[in-house]
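Colleague: next input, structure requested:
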Amino acid sequence: RRLGPRTLKAYEGRILNIHPGPLPQFGGEGMYGAAVHRAVIAAGLRETAIVVHSVDAIYDHGPEIARRSVAVEPGDTPETLEA
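Modeller: Residues are numbered from 1 along each chain as shown. Predicted coordinates for the structure are as follows:
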């Protein structure tokens with residue numbers, strides 16, 4: 001859910017998002033949960049990522065804090081990749 005300007009200003013630099021796929025390629029409005037995993041699998045990637053980033057006014061845009069690579073195994077589904 002997009003946060004409003006008052007919330008963003010009140011907590012500037014203190015709100016984090018854990019994104020289930022590599023950014024910026026698999027971010028943006030509507031790209032969350034299984035939608036990200038489906039897109040990663042459809043793109044044929046052999047590796048995806050979990051990204052922690054600071055939240056700003058643009059979906060999945062703020063500075064990256066941490067990234068952990070995750071292998072995409074043959075036969076993975078959105079459910080197995082999420083697990």
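Colleague: what's the closest non-adjacent residue to the most centrally placed residue in the chain?
Modeller: Closest residue to the average C-alpha location of the chain: residue 19 at 2.4 Å, with C-alpha atoms, centre = their mean. Using C-beta to C-beta, 6 or more residues apart in numbering and skipping the chain neighbours, the partner closest in space to residue 19 is residue 51 (4.5 Å). (Each C-beta comes from the backbone N, C-alpha and C, glycine too.)
Colleague: what comes up buried for the helix or strand hosting the one you found?
Modeller: Element membership for residue 51, per DSSP states H and E: strand 47-54. With burial defined by 16 or more other C-beta atoms under 10 Å, the residues of strand 47-54 counted as buried are 48, 49, 51, 53.
Colleague: again with stretch 38-47
Modeller: Buried residues in stretch 38-47, counted by 16+ other C-beta under 10 Å: 38, 39, 40, 41, 45.
Colleague: what about that stretch, start to end distance?
Modeller: Across stretch 38-47, the terminal residues are separated by 13 Å (C-alpha to C-alpha, to the nearest Å).
Colleague: what does that stretch contact?
Modeller: Residues from elsewhere that reach stretch 38-47 (C-beta atoms under 8 Å, 6 or more residues apart in numbering): 21-22, 25-26, 31, 48, 69-72, 76-78, 81.
Colleague: buried ones only from those, please, as a PyMOL command.
Modeller: Of those, the buried ones go into a single PyMOL selection, burial set by 16+ other C-beta under 10 Å:
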select buried, resi 21+22+26+31+48+70+72+76+78+81
